[in-house]
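*Asks:* Got a predicted model here, sequence first, then my questions.
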Amino acid sequence: MQLGAIFDMDGVLVDSSDSHFRAFRRIGADLGRQFSDAELQQTFGMHNNQIFPLLLQ
């Protein structure tokens, strides 16, 4: 028996953009910072270690 796993890292199988944006809006609210749609769109597909410095400077 062979087993496999499918990792959907770029939205090919599941569009995770809404979940991504909601999570970052919640983080922003917790930090007292609102993120614009444009800022969040710019970060979609990036790793968190790239996103946080960009958004939180």
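*Replies:* All right, it came through fine. Note that the structure is predicted; figures quoted are calculated from it, not measured.
*Asks:* tell me the secondary structure for residue 40?
*Replies:* State at residue 40, reduced to three classes by DSSP: H, G, I helix; E, B strand; the rest coil: helix.
*Asks:* correct me, but it touches residue 22?
*Replies:* No - contact between residue 40 and residue 22 fails when scored by C-beta atoms under 8 Å: they sit 9.8 Å apart. C-beta here means a position set from N, CA and C on the backbone, and glycine is covered the same way.
*Asks:* what residues are up against residue 43?
*Replies:* Residue 43 makes contact with 24, 50, 51, 54, 55, according to C-beta atoms under 8 Å, 6 or more residues apart in numbering.
*Asks:* Equivalent analysis for residue 21, please.
*Replies:* Contacts for residue 21 (C-beta under 8 Å, 6+ apart) come out as 37, 40, 44.
*Asks:* And the pLDDT for residue 8?
*Replies:* In this model, residue 8 is scored at 68, pLDDT.
*Asks:* sorry, back to before: could you check which of residue 40 and residue 22 has the larger neighbour count?
*Replies:* Neighbour count, other C-beta atoms under 10 Å: between residue 40 and residue 22, residue 40 has more, with 19 against 11.
*Asks:* Excluding covalently adjacent residues, which one is nearest to the spatially most central residue of the chain?
*Replies:* The centroid of the chain falls nearest to residue 20 when counting by C-alpha atoms, centre = their mean (3.9 Å). Closest residue in space to residue 20, ignoring its immediate chain neighbours: residue 44 at 6.2 Å, by C-beta to C-beta, 6 or more residues apart in numbering.
*Asks:* thought that neighbour was touching residue 16?
*Replies:* No - with contacts counted by C-beta under 8 Å, residue 44 stays clear of residue 16, the gap being 9.1 Å.
*Asks:* mean confidence score for the lengthiest helix in the chain?
*Replies:* Determined from DSSP state H, the single longest helix within the chain is helix 17-31. What helix 17-31 shows for mean pLDDT is 89.
*Asks:* Convert it to CSV, retaining C-alpha atoms only.
*Replies:* Taking Å, rounded to 0.1, in the frame of the first residue of the first chain, the C-alpha atoms of helix 17-31 are listed here in CSV:
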residue,chain,number,x,y,z
SER,A,17,-7.5,34.0,0.8
ASP,A,18,-10.5,34.8,3.0
SER,A,19,-9.2,32.8,5.9
HIS,A,20,-5.8,34.3,5.4
PHE,A,21,-7.2,37.9,5.4
ARG,A,22,-9.5,37.3,8.4
ALA,A,23,-6.6,35.9,10.4
PHE,A,24,-4.3,38.9,9.7
ARG,A,25,-7.2,41.3,10.4
ARG,A,26,-7.6,39.7,13.8
ILE,A,27,-3.9,39.8,14.5
GLY,A,28,-3.9,43.5,13.5
ALA,A,29,-6.9,44.2,15.8
ASP,A,30,-5.0,42.6,18.6
LEU,A,31,-2.0,44.8,17.9
